[in-house]
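A.B. asks: Need a 3D model of the following:
(chains A and B)
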Number of protein chains: 2
Amino acid sequence: MGQYVAPIRDMQFVLHEFLGVTEELKAMPHYAEVDADIINQVLEEGAKFTQEVIFPLNHSGDREGCHFDPATKSVTTPKGFKDAYKQYVDGGWAALACDTDFGGQGLPVVLNNSFYEMLNSANQAWSMYPGLSHGAYECLKEHGTDEQKKVYLPKLATGEWTGTMCLTEAHCGTDLGMLRSKAIPQADGSWSITGNKIFISAGEHDMAENIIHLVLARVPDAPEGSKGISLFLVPKFIPNADGQPGERNGIACGAIEEKMGIHGNSTCQMNLDGAKGWIIGQPNKGLNAMFVFMNAARLGVGMQSLGLTEVAYQNALAYAKDRIQMRSLSGPKAPDKPADPIIVHPDVRRMLLTAKAYAEGARAFSSYVALQIDRELHHPDEEVRKEAADEVALLTPIIKAFITDNGWIATSECMQVYGGHGYIAEWGMEQYVRDARINLIYEGTNTIQSLDLLGRKILMDNGAKLRKFGEKIKSFVEENGLDESLSEFVTPLGELGDKVTKLTMEIGMKAFQNPEEVGAAAVPYLRVVGHMVYSYFFAQMAKIALSKEGDFYKAKLATARFYFARLYPETAMLIRQARSGSASLMALDADLF
Amino acid sequence: MGQYVAPIRDMQFVLHEFLGVTEELKAMPHYAEVDADIINQVLEEGAKFTQEVIFPLNHSGDREGCHFDPATKSVTTPKGFKDAYKQYVDGGWAALACDTDFGGQGLPVVLNNSFYEMLNSANQAWSMYPGLSHGAYECLKEHGTDEQKKVYLPKLATGEWTGTMCLTEAHCGTDLGMLRSKAIPQADGSWSITGNKIFISAGEHDMAENIIHLVLARVPDAPEGSKGISLFLVPKFIPNADGQPGERNGIACGAIEEKMGIHGNSTCQMNLDGAKGWIIGQPNKGLNAMFVFMNAARLGVGMQSLGLTEVAYQNALAYAKDRIQMRSLSGPKAPDKPADPIIVHPDVRRMLLTAKAYAEGARAFSSYVALQIDRELHHPDEEVRKEAADEVALLTPIIKAFITDNGWIATSECMQVYGGHGYIAEWGMEQYVRDARINLIYEGTNTIQSLDLLGRKILMDNGAKLRKFGEKIKSFVEENGLDESLSEFVTPLGELGDKVTKLTMEIGMKAFQNPEEVGAAAVPYLRVVGHMVYSYFFAQMAKIALSKEGDFYKAKLATARFYFARLYPETAMLIRQARSGSASLMALDADLF
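C.D. replies: Have a look, this model is predicted:
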């Protein structure tokens, strides 16, 4: 069923040539031993594992789905999932970016990021089981007690246990302030938690011996709204004194959902009936702690769509070279055949290049942000850590929303390359589209990401973080503005940078008078900034490509040119939409819709 | 499972106020007896039938799908489909726009169009069974012999028998010139046809007593390519002398496809093994005859996406009024509740209004074209018939591609309004997205539509048809340009009209030197022209709304304003893309992708 070959060459280009990652890591004692050889070896081993073990389960997992047994309240994952997970744990893959203190391999986030792209290209539904464990690990590491860390982190690091986030309830997803699950303190220092959660990915499954739920609930007399939410650690099996899974806890799956896609992942309704839990961090500060998890998850969702974009592209490309249909408009290109391969047709190329450019843009972007996370966590200079943290905060909602919007577009274009065959399940393309669709929704809808970017990350600090990032762009434009060979990239980049500055100020001014202006502008605004980031990265990558010889660089240059010719022009639309204001949205009374 | 109420008020607005359809029909003796009462009565009865009989089968039909029995080579449609079809035939719905000569009701295409929208809102998969019969009817009526008409048209008109188009083979869909099915002449004047067809919608089912396949095949010594294709009538059961289904013919279903959506419709592999057929029209002129069917089908596909857009909008709207989540940015709107209904949020309104504007635009557009078909067929003035035919030819690819692209966008936005619930099958929204996706592919992909528009319909006649339509727009702009109350609509319309003229000439000039320029520009070009058409219609509708009082007109005006503020700006992107030329698409060698 289709094919997947990890794009190691492009990953190496991004890591070594675009980011100069080994130099960057050298500046961090924590990663002193990570050199180019280690990086390349992990990429190659990761490619083998994901191609050979995980990818073959993607289509079958979609067709089979998960099965829930109401009698035992257990979930059976699709055939092969459990065995693949054992290989994943045994191979040490879960531990890649976890700390050596807790049994991890201590490798950088930026490298784990590439591996995570491969996992998601190979099988998004499967990758969601371990994907959430890492967020739970990060959250506990930052907010857990020493005792909690000792018991849980090694198990999460190795992947023997998996993790979940239990946030959503039937009546509230975006608006967590409304949640109703209750936690009552117990004499032994634990809490008794009762409530019903929905949409819990990997909430129940048969792949690991224990599942660690991170659950949001209210303590008695908690303030109303989001300031009265606490975070609890609720294991499926309560660990014994020896750290092994013991007594079954009062949290269980009540049902799994029938969904549009990611059928191989169990989306669970979880019922807590006096489940034993332990508080993570302070009472009523749960959302704060959960945001560590959430931010990791948001970056992860962006990677899911990058993964899908890449694998959809590879398959569409293979089909476009193989399928013959019609002659080229400029005369036969395969005169020995009854028709030309469809890759000769300009619009087929447009569809392919859209996916290629969005994959390569997302790879550069997400790797850049992953490296910033390494710097935020481990750079010895506090100033650098602070700056990196600011950039990560600024760029996280863009990773989540821009890459997933683009992934939706790109997987759909790749499916379209197949014509009618794209709609048929057997060919595997329609699964990528269905799987890609969830990424615009979960971990905060893309609208929420846009509001986070424009409202919280930009307007709330008067544009300081954006300005900092903009200065990097400005320097690049100034340094390269006189280089004629680069002007096709640098000129539109410089123009867009100026337009973003102007647009941000304009919306900021309007928002003073009318807060609805933020909501009206946020979605197109995020995409404009996303394009500014991609323009910046494509200009840099084009500069590198121009300085080198060979087919890889020719292709990179062509992709950058395509980006500026065909994708960048979206900014002309987006800026008009962002400037059009709230009046046309708010004028109509709800009853007159 | 969700809701559907036929938008009769808006249909009446389009038919009576926007198109002045009764006046128009009065000019055609063929429709002399069709007055406003008849039209409104059909709309009301059609609403009842589609809401009560067809809509309740939509979700269940998707979940159940069709079942194929290899032993009997028969297809069982989902529960309730067959009974609903009987009600459809008994109610005379199939016969609505068929000629009274053949047992039809002789009502105008423009009215049938509204009913067809309702059918597709209620259930696209179900509606595809009778949907193709009408195309077969039209094709036979125009190209069949008197004998063929006598035997088949009354059965197709009443719906007792259904029809199919058998074009695609595994190795060719777009490129029909490559097809291999063979027809050998027999002594009795019939033909013996052998070959394998795929993607035959409604190729086999249990809803009607006979199925009439229109099959493309090659006669002996036919020229190669598309000039050697002939069209044959191949009934599942060969009619006896009394006109009743007799001997089982050698055409049978070999399998049905697992698809992304339209699960309730059987997509069949059809095997012809010496099947008895009769030629329709002349040998080697089959594509020509089939185009009558194809054009009807293309308009039908546009209507499918209009139907889905409307029903997805209605459900998203109901959800947005009901679901409470977060407070309005400008302060609580439902202070008595723990949160505001999400329709207060600007971006939720953007999503809803996108669907609303695309539904209302498509309704006006498709009704306009349907009326042109009535004029083409029945206007006493030959000049008028010719002009109408030209407009239908020009606008058909836009109906197909623009409405289906927009339907994909709109159903996805409506699903997004539901947040996580949108991804869950139970809520019904994800089905609309999956169903909508096929419409961009079948009956000629949207790329093929774009090439048809730009290449065949515009450049091949030096823009004559486009210019004619453009003159109507120019007159409207001149007549209304000085009316200040209209300038917000008329100014952008006039500007876009000028831009389209300029863009068309520019592409035409470039195409002289390089035919790839047509392929490179076609897709964004079609959408630019689509927006010109919508701008024209929204400006006209806004003019009417401004002259009237009441809630309906307030809403219409707000929708028009939203269209120009938020959807029209896409033209800024599209024009840049269309002008960017072929270089960025064609530069990269296929091996370097």
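A.B. asks: Tell me where chain A has strands.
C.D. replies: A:67-69, A:74-76, A:161-166, A:182-185, A:191-201, A:210-217, A:230-235, A:237-239, A:245-248, A:251-256, A:267-280 (DSSP state E).
A.B. asks: Mind putting those into JSON lines with mean pLDDT?
C.D. replies: Listed next are the strands of chain A as JSON lines, based on pLDDT from 0 to 100:
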{"stretch": "strand A:67-69", "mean pLDDT": "98"}
{"stretch": "strand A:74-76", "mean pLDDT": "98"}
{"stretch": "strand A:161-166", "mean pLDDT": "96"}
{"stretch": "strand A:182-185", "mean pLDDT": "98"}
{"stretch": "strand A:191-201", "mean pLDDT": "98"}
{"stretch": "strand A:210-217", "mean pLDDT": "98"}
{"stretch": "strand A:230-235", "mean pLDDT": "98"}
{"stretch": "strand A:237-239", "mean pLDDT": "98"}
{"stretch": "strand A:245-248", "mean pLDDT": "98"}
{"stretch": "strand A:251-256", "mean pLDDT": "98"}
{"stretch": "strand A:267-280", "mean pLDDT": "98"}
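A.B. asks: Make a markdown table out of those and add distance to chain B and mean neighbour count.
C.D. replies: Using the backbone N, CA and C atoms, a C-beta is placed for each residue, glycine as well. Below are those laid out as a markdown table (distance: least, C-beta to the nearest C-beta, whole Å; neighbours: other C-beta atoms under 10 Å in any protein chain shown):
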| stretch | distance to chain B | mean neighbour count |
| --- | --- | --- |
| strand A:67-69 | 14 | 14 |
| strand A:74-76 | 17 | 17 |
| strand A:161-166 | 13 | 27 |
| strand A:182-185 | 16 | 18 |
| strand A:191-201 | 5 | 22 |
| strand A:210-217 | 15 | 26 |
| strand A:230-235 | 19 | 26 |
| strand A:237-239 | 28 | 17 |
| strand A:245-248 | 28 | 14 |
| strand A:251-256 | 11 | 20 |
| strand A:267-280 | 8 | 22 |
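A.B. asks: Can you pull the poorly scored residue ranges out of chain A?
C.D. replies: Applying pLDDT under 70 to chain A flags residues A:1.
A.B. asks: thinking again about what came up before, need the strands of chain A in a markdown table with distance to A:Gln325, can you?
C.D. replies: Supplementary listing: the strands of chain A in a markdown table, determined by distance: least, C-beta to C-beta, whole Å:
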| stretch | distance to A:Gln325 |
| --- | --- |
| strand A:67-69 | 40 |
| strand A:74-76 | 42 |
| strand A:161-166 | 46 |
| strand A:182-185 | 62 |
| strand A:191-201 | 40 |
| strand A:210-217 | 49 |
| strand A:230-235 | 56 |
| strand A:237-239 | 56 |
| strand A:245-248 | 57 |
| strand A:251-256 | 41 |
| strand A:267-280 | 39 |
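A.B. asks: contacting residues for A:Gly455?
C.D. replies: A:Val518, A:Ala522 (C-beta atoms under 8 Å, 6 or more residues apart in numbering or on different chains).
A.B. asks: rerun that using 10 Å as the cut-off
C.D. replies: Taking C-beta atoms under 10 Å, 6 or more residues apart in numbering or on different chains, we find A:Gly455 in contact with A:Ala511, A:Pro515, A:Val518, A:Gly519, A:Ala522, B:Leu329.
A.B. asks: So for A:Ala539, what's the nearest residue that isn't a sequence neighbour?
C.D. replies: Among residues not flanking A:Ala539 along the chain, A:Phe489 sits closest, at 3.9 Å (C-beta to C-beta, 6 or more residues apart in numbering or on different chains).
A.B. asks: Was I right to think that neighbour contacts A:Met541?
C.D. replies: Yes - if you go by C-beta atoms under 10 Å, A:Phe489 and A:Met541 touch, sitting 9.1 Å apart.
A.B. asks: what's the overlap in contacts for these two?
C.D. replies: A:Leu557, A:Ala560, A:Tyr563.
A.B. asks: distance of the closest residue to the first one other than its chain neighbours from chain B?
C.D. replies: Spatial nearest neighbour of A:Leu557, excluding adjacent residues (C-beta to C-beta, 6+ apart): A:Ala545 at 4.4 Å. Between A:Ala545 and chain B the distance is 12 Å, computed by C-beta to the nearest C-beta, to the nearest Å.
A.B. asks: Find the closest residue to chain B in the stretch 51-200 of chain A.
C.D. replies: Closest to chain B within the stretch 51-200 of chain A is A:Asp175: 4.3 Å, counting by C-beta to the nearest C-beta.
A.B. asks: Hmm, that residue is touching B:Pro341, no?
C.D. replies: No - the pair A:Asp175 / B:Pro341 is not scored as a contact, 11.8 Å apart, by C-beta under 10 Å.
A.B. asks: any shared contact partners between those two?
C.D. replies: Joint contacts of A:Asp175 and B:Pro341 (C-beta under 10 Å, 6+ apart) are B:Arg323, B:Ile324, B:Gln325.
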